[in-house]
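>>> sequence first, then the predicted structure, then my questions.
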Amino acid sequence: MFKKILIVVVIVAIVVAYFLYGNSANRDYKKLAKQLKVSHVIYNPDKPLPKFSLVNQDNQVFNNSNLQGGWTLLLFIYTHCPDVCPTELQDMATLRQFMVEEKFENMPEVVVITFDPLRDTPEMLKKFLGHFDKDFIGVSGYQSQIDMLVRAFGAYYERVVYDEKGKPVILKQGEKLPESALKDGYLINHTAWVYLVNPEGQIFAGFPTPHNNPAKMAEDIKLIMKQF
């Protein structure tokens with residue numbers, strides 16, 4: 001009888017410990033947040049990423065399952081960007097190289113989602129990202145699916161086209177591009193955060209610009225992985 005009671009007590013203790021300490025959804029990350037140098041904890045277990053289906057640079061399906069099972073650094077870009085996006089990608093390449101040199105455990109994948117699938121086909125993304133790091137995963141697809149993810153990550157973008165007089169006109173998300181836009185070209189104003197997605201496929205932390213300090217970024221990532 002005593003053994004049965006002891007077994008029950010141990011089981012209860014294990015379950016309690018799991019929900020208090022072992023279940024990331026119930027952890028308090030305030031202490032962790034204070035230790036971070038260049039990132040912010042934005043984890044909300046009550047707001048999982050919506051179901052999405054896109055394609056990677058090899059025209060293979062890319063969906064929620066691709067963000068599960070390991071850590072991911074995710075950013076939004078567009079290949080016609082004149083300055084910010086190339087800088088962000090070079091910073092990510094530098095960060096990844098730093099992690100390799102430091103023999104970083106649990107190396108996160110870098111996933112790059114385009115704001116601009118009209119011009120950024122999978123083939124275009126593969127060629128463009130290859131200039132920075134051949135292991136970057138480029139993602140394109142339907143604009144509606146991308147917009148859904150942009151909102152979920154708290155990111156933002158707006159297209160800038162030009163009227164007949166050369167005056168810039170801002171188009172919000174969802175507004176249709178003029179027929180002449182693809183021919184004449186357009187720019188995209190956008191946010192430039194890098195997001196850290198946990199192995200459960202949920203947004204955990206965000207890195208605001210700039211991203212030119214790989215040592216501090218790597219230190220934050222290592223600390224987050226350790227305490228997750």
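Looks like it came in fine. Residues are numbered from 1 along each chain as shown.
>>> the residue nearest to G174 when sequence neighbours are not counted: neighbour count?
Excluding the flanking residues, the one nearest G174 by Cβ to Cβ, 6 or more residues apart in numbering is D147, at 7.0 Å. Every C-beta, even on glycine, is put in place using the N, C-alpha and C of the backbone. For D147, the tally of surrounding residues (other Cβ atoms under 10 Å) stands at 15.
>>> show residues contacting the helix or strand where K226 lies.
K226 is located in helix 214-227, with elements delineated by DSSP states H and E. Outside helix 214-227, the residues that touch it by Cβ atoms under 8 Å, 6 or more residues apart in numbering are 29, 32, 35-39, 41, 71, 73, 91, 94-95, 97-99, 102, 104-106, 108, 196, 204-205, 207, 211.
>>> on that earlier part again, can you tell me how far the residue nearest to G174 sits from F115?
When distance is defined by Cβ to Cβ, to the nearest Å, D147 is 9 Å away from F115.
>>> among the contacts of helix 214-227, name the buried ones.
29, 32, 36, 38-39, 41, 71, 73, 91, 94-95, 99, 104, 108, 196, 204-205, 207, 211 (16 or more other Cβ atoms under 10 Å).
>>> scan this structure for its longest helix.
Longest helix of the chain, by residue count under DSSP state H: helix 84-101.
>>> quick check: next helix or strand after that one?
Taking DSSP H and E, what comes next after helix 84-101 is strand 109-114.
>>> got the CA positions of that next one in PDB?
Only the C-alpha atoms of strand 109-114 are listed here, as PDB (Å, rounded to 0.1, in the frame of the first residue of the first chain):
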ATOM      1  CA  GLU A 109      18.000  27.800 -40.000                       C
ATOM      2  CA  VAL A 110      17.600  31.100 -41.700                       C
ATOM      3  CA  VAL A 111      14.300  31.500 -43.500                       C
ATOM      4  CA  VAL A 112      13.800  34.400 -45.800                       C
ATOM      5  CA  ILE A 113      10.200  35.200 -46.900                       C
ATOM      6  CA  THR A 114       9.600  37.700 -49.700                       C
END
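>>> what's the longest helix of the chain packed up against?
Under the contact criterion of 3 or more Cβ pairs under 8 Å, 6 or more residues apart in numbering; DSSP states H and E, helix 84-101 touches strand 72-77, strand 109-114, helix 214-227.
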